[in-house]
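S.K.: Here is my input; please provide its structure:
(one chain, ligands or ions: 1)
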Amino acid sequence: MYIDSHCHLPHKKYKMDTVAVVTEAMSEGVERLVAIGTSLKENELAIKTAQKFPGVYCTVGIYPHEDIGLDVDKLRLELEKQLKTSQKIVGIGECGIDITNWKGGRPLLDQRDLFEMQLNLALGTSLPIVVHNRNGSDHIFELVKKVGASWLRGVAHCFSSTWEDAKRFLDLGFYISFSGNITYPSAQERREVVKKTPLEKILIETDSPYLPPQRHRGEPNYPKYVKIVAEKVAEIKQIPIKEVEDATAKNTCRLFQIK
Ligand SMILES: [Zn+2]
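M.R.: All right, here's what the predicted structure looks like:
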């Protein structure tokens with residue numbers, strides 16, 4: 001069984017409806033999907049999707065540049081409410097730090113508060129945290145340590161940083177999740193990280209509908225393409241793809257406590 005440990009469902013960018021996206025993934029052997037929340041509204045939709053399909057689970061969280069204008073206390077209250085609505089919520093996120101020239105984005109200090117609030121929520125609920133990181137490594141490690149790293153479980157999603165950063169996440173006991181961007185010609189450094197990361201700490205994901213693998217660039221990405229990520233990991237590590245399939249499914253089930 002394959003698991004897409006991180007996709008966005010439902011989403012307007014898909015060229016088919018959610019039923020078709022999920023059914024196609026399942027029929028290709030991608031039997032579990034984790035629909036990741038990014039805002040109060042998206043969380044609601046992810047929860048509904050998870051309720052509808054037995055193989056779909058979900059997370060709730062606020063992406064660094066979503067729900068701008070709502071203060072952290074209000075967001076915490078809303079997330080706490082959402083957490084009570086479904087047994088299929090298996091994590092907090094995606095959340096983290098995103099330092100880019102995002103127009104009208106959330107200022108860094110506010111991003112830190114928002115991330116810290118969600119780290120505390122993860123600790124309070126014993127749910128794992130799904131971390132988004134764009135140029136924010138130092139802030140992330142500082143805040144994870146501040147809230148009590150030893151308790152916290154989590155995953156560095158769509159890992160796109162250096163081996164040094166990967167090691168810091170691994171030292172915290174986090175999993176590292178790789179996406180279709182490891183297939184890009186320019187991704188030599190990322191492939192080095194795949195090579196060095198122990199298989200028992202690797203998750204695979206699509207981040208669909210974003211980040212299609214190389215052979216589907218320019219199209220929307222789909223959860224079924226997580227097999228292409230597995231294929232690449234197998235090629236880099238020079239092991240049979242079945243080993244990647246089994247290990248990543250086991251790792252994902254362990255992290256999110258799903259069956
Ligand atoms: Zn995502």
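S.K.: Would you report the backbone torsion angles of C158?
M.R.: Main-chain dihedrals, C158, degrees, to the nearest 10: phi 50, psi 60.
S.K.: Run through the residues that contact it.
M.R.: 6, 132, 177-179, 181, 205, 207, 211 (C-beta atoms under 8 Å, 6 or more residues apart in numbering). All C-beta atoms are positioned from the backbone trio N, CA, C, and that covers glycine.
S.K.: In ChimeraX, how would I select the buried members of the residues you listed?
M.R.: Filtering the contacts of C158 down to the buried ones (16 or more other C-beta atoms under 10 Å) takes a single ChimeraX command:
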select :6,132,177,178,179,181,205,207,211
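S.K.: Wait, S160 touches R190, no?
M.R.: Yes - if you go by C-beta atoms under 8 Å, S160 and R190 touch, sitting 6.3 Å apart.
S.K.: Need the residues touching each of the two.
M.R.: Residues touching both S160 and R190 (C-beta under 8 Å, 6+ apart): N181.
S.K.: These two: which has the busier surroundings?
M.R.: For S160 versus R190, neighbours defined as other C-beta atoms under 10 Å are more numerous around R190 (24 against 18).
S.K.: What distance do you get for that one to A166?
M.R.: 10 Å (C-beta to C-beta, to the nearest Å).
S.K.: Common neighbours of those two, please.
M.R.: Residues touching both R190 and A166 (C-beta under 8 Å, 6+ apart): F159.
S.K.: what about the strands in the stretch 101-250 of the chain?
M.R.: All strands of the stretch 101-250 of the chain, identified by DSSP state E, counting those that start in this stretch, fall at 129-134, 154-156, 175-178, 202-204.
S.K.: Helices of the chain, residue ranges please.
M.R.: Under the criterion DSSP state H, the chain contains helices at 18-27, 40-52, 72-83, 108-125, 137-148, 163-171, 188-196, 226-237, 241-256.
S.K.: can you list contacts of the last one?
M.R.: Surrounding helix 241-256, the residues in contact under the criterion C-beta under 8 Å, 6+ apart are 1-3, 5, 32, 34, 57, 90-91, 128, 153-155, 175, 199-204, 230-231, 233-234, 237, 258-259.
S.K.: please redo it, this time with the cut-off set to 6 Å
M.R.: Outside helix 241-256, the residues that touch it by C-beta atoms under 6 Å, 6 or more residues apart in numbering are 1-3, 5, 90-91, 128, 175, 199, 202-204, 230-231, 233-234.
S.K.: thinking again about what came up before, closest to G69 out of the contacts of C158?
M.R.: Closest to G69 out of these is H132 (19.6 Å), distances taken as C-beta to C-beta.
S.K.: residues touching that closest one, list them.
M.R.: Counting by C-beta under 6 Å, 6+ apart, H132 touches 94, 96.
S.K.: what bridges to it?
M.R.: Here H132 sits in beta bridges with G96, going by DSSP bridges.
S.K.: Using PDB, write out the CA atom coordinates for stretch 188-201.
M.R.: The C-alpha coordinates for stretch 188-201 follow below in PDB (Å, rounded to 0.1, in the frame of the first residue of the first chain):
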ATOM      1  CA  GLN A 188      20.700  17.300  -6.800                       C
ATOM      2  CA  GLU A 189      21.100  18.500  -3.200                       C
ATOM      3  CA  ARG A 190      17.700  17.200  -2.300                       C
ATOM      4  CA  ARG A 191      18.500  13.800  -3.800                       C
ATOM      5  CA  GLU A 192      21.700  13.800  -1.600                       C
ATOM      6  CA  VAL A 193      19.400  14.300   1.400                       C
ATOM      7  CA  VAL A 194      17.200  11.400   0.300                       C
ATOM      8  CA  LYS A 195      20.300   9.200   0.000                       C
ATOM      9  CA  LYS A 196      21.500  10.100   3.600                       C
ATOM     10  CA  THR A 197      18.100  10.000   5.300                       C
ATOM     11  CA  PRO A 198      17.400   6.500   6.800                       C
ATOM     12  CA  LEU A 199      14.500   4.800   5.200                       C
ATOM     13  CA  GLU A 200      12.700   4.400   8.500                       C
ATOM     14  CA  LYS A 201      12.500   8.200   8.800                       C
END
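S.K.: buried stuff in it?
M.R.: Of all the residues in stretch 188-201, those buried under the rule 16+ other C-beta under 10 Å are 190-191, 193-194, 197, 199, 201.
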